[in-house]
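A.B. asks: take a look and give me a structure for this.
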Amino acid sequence: MKLLHCGDLHLDSALSANLNSEKKKQRKSELLSTFVSMAEYAADHGAEAILIAGDLFDKSNVTKRTQNMVKETVLRFPFVDFLYLKGNHDEENFLEEWEERPENLKLFGTEWTYYRYGDVVIAGAEFREGNGNRLYDSLVLNRNDCNIVLLHGQTEKYRSADKAETVALGALKNKNIDYLALGHIHSYRCEALDGRGVYCYCGCPEGRGFDECGEKGFVWLETEAQKVSHSFVPFASRSVHEVFVDISDAETTLSVEKKMRDALTGIPEKDLVKVTLTGKVKLSAERDLQYLTRRFEDSYYAFKINDREVGIALSPEEYENDISLRGEFIRLVMQGNYTEEEKRMLLELGLRALAGEEVEACF
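C.D. replies: Take a look at the predicted model:
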């Protein structure tokens, strides 16, 4: 049996950060197109089922157009079952306006639901507050079947900022699980569950912002004789990159630009890029972030610079005996209870203000 494991599409997500209104609209369409393309891929490669491990939609702001596209995609492939388990972002009322649910759209409830395909059993349940312990105790799987379990939540090892139930991996060990298909964490992860099976986060098929960097796609599964083989398939129409650039020895804006340009070589123009500057620089070093942003923003779909990781290369002997106002200011900052980032910002702002520069021009 062949299956496709996906999740966390977040269709109709607001995409509120780093994109203008036109690109937000375009990106929403791209996310929807990726869902349709995954269904086409599954059908073309002989999949019998698509496992949607939660967060197909992004809360209540789902348009009628998106709902219709999803429904028409399900109807378009009647020979492929869509096993949809709702996540913490999915609304309960998604199906309310559908006159009739397609036969190949299979749902799960707050108790275990089992779907059998020959010797393959797919079990799933939706977490609701308070039902976790009961679910672990009530899961029953035959050791002679090939067992796939579908859940949406975070584990102790992989947690996110979003509120979601915790998947207790320890409570799922030795339950005859061959493949635990998980949703909620937006990057691909696959590790051993116990001596028999693995647990796998498929990740999201498209990165929506600069916190979702790296390859995105889905997991392709094939079962044979109680064994499940699985492989990650990159599938995103655009990738999101975070590129770290050490500027410790760069003292001018143009030298920073050169380091950035070298580091960005080979990244496609269609992608989203965040450059994170690192290292420790001299107090005299300068970098014009507005200039640098303008130099690169037209080369990529979205572009952002983060310099909060940059520190100040300053030794005590450079200021401890300085009796000037400058020296007193440096001592106060360096001896203060500030983070490295706060010290850098205070020193840059204060010293340039003491030099008579317009502070606004520094950033």
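A.B. asks: where does the stretch 251-363 of the chain dip in pLDDT?
C.D. replies: Filtered on pLDDT under 70, the stretch 251-363 of the chain yields the residue ranges 315-318, 355, 357-363.
A.B. asks: and for the stretch 101-250 of the chain?
C.D. replies: In the stretch 101-250 of the chain, residues with pLDDT under 70: 158-164.
A.B. asks: switch to 90 and redo it
C.D. replies: Along the stretch 101-250 of the chain, segments meeting pLDDT under 90 span 101-102, 127-134, 155-166, 209, 211, 225-226.
A.B. asks: mind listing the strands for it?
C.D. replies: Assigned by DSSP state E, counting those that start in this stretch, the stretch 101-250 of the chain shows strands spanning 105-107, 113-117, 120-124, 146-152, 179-183, 189-192, 198-201, 217-224, 227-234, 240-246.
A.B. asks: let me know the angle separating the third one from strand 113-117.
C.D. replies: The one in question is strand 120-124. On the basis of axes from the mean of the first three to the mean of the last three CA atoms, to 10 degrees, strand 120-124 is oriented at 160 degrees to strand 113-117.
A.B. asks: partner strands of strand 120-124 and their direction?
C.D. replies: If you go by DSSP bridges, strand 120-124 pairs up with strand 113-117 (antiparallel), strand 146-152 (parallel).
A.B. asks: dump the strands of the stretch 101-250 of the chain into CSV; add distance to Asn20 as well.
C.D. replies: (Glycine included, C-beta is placed from N, CA and C.) Formatted as CSV, the strands of the stretch 101-250 of the chain follow (distance: least, CB to CB, whole Å):
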stretch, distance to Asn20
strand 105-107, 35
strand 113-117, 43
strand 120-124, 39
strand 146-152, 32
strand 179-183, 30
strand 189-192, 33
strand 198-201, 31
strand 217-224, 27
strand 227-234, 27
strand 240-246, 17
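A.B. asks: format those strands as JSON lines; extra columns: distance to Met345 and mean neighbour count.
C.D. replies: Below are the strands of the stretch 101-250 of the chain laid out as JSON lines (distance: least, CB to CB, whole Å; neighbours: other CB atoms under 10 Å):
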{"stretch": "strand 105-107", "distance to Met345": "51", "mean neighbour count": "17"}
{"stretch": "strand 113-117", "distance to Met345": "54", "mean neighbour count": "15"}
{"stretch": "strand 120-124", "distance to Met345": "49", "mean neighbour count": "22"}
{"stretch": "strand 146-152", "distance to Met345": "40", "mean neighbour count": "26"}
{"stretch": "strand 179-183", "distance to Met345": "39", "mean neighbour count": "28"}
{"stretch": "strand 189-192", "distance to Met345": "35", "mean neighbour count": "14"}
{"stretch": "strand 198-201", "distance to Met345": "36", "mean neighbour count": "22"}
{"stretch": "strand 217-224", "distance to Met345": "39", "mean neighbour count": "20"}
{"stretch": "strand 227-234", "distance to Met345": "38", "mean neighbour count": "14"}
{"stretch": "strand 240-246", "distance to Met345": "19", "mean neighbour count": "17"}
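A.B. asks: quick one on the thing from earlier: do you know which of the strands paired with strand 120-124 lies nearest Thr63?
C.D. replies: The closest of these to Thr63 is strand 146-152. By CB to CB, the value is 22.7 Å.
A.B. asks: re the thing from before, and the strands paired with strand 120-124 as JSON lines, adding distance to Ala123?
C.D. replies: Listed next are the strands paired with strand 120-124 as JSON lines, based on distance: least, CB to CB, whole Å:
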{"stretch": "strand 113-117", "distance to Ala123": "5"}
{"stretch": "strand 146-152", "distance to Ala123": "5"}
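A.B. asks: identify whichever of the ones you listed lies nearest to Asp58.
C.D. replies: That would be strand 146-152 among those, by CB to CB, at 13.9 Å.
A.B. asks: where along the protein do the helices fall?
C.D. replies: 21-44, 64-76, 132-138, 169-172, 253-263, 289-296, 325-335, 340-354 (DSSP state H).
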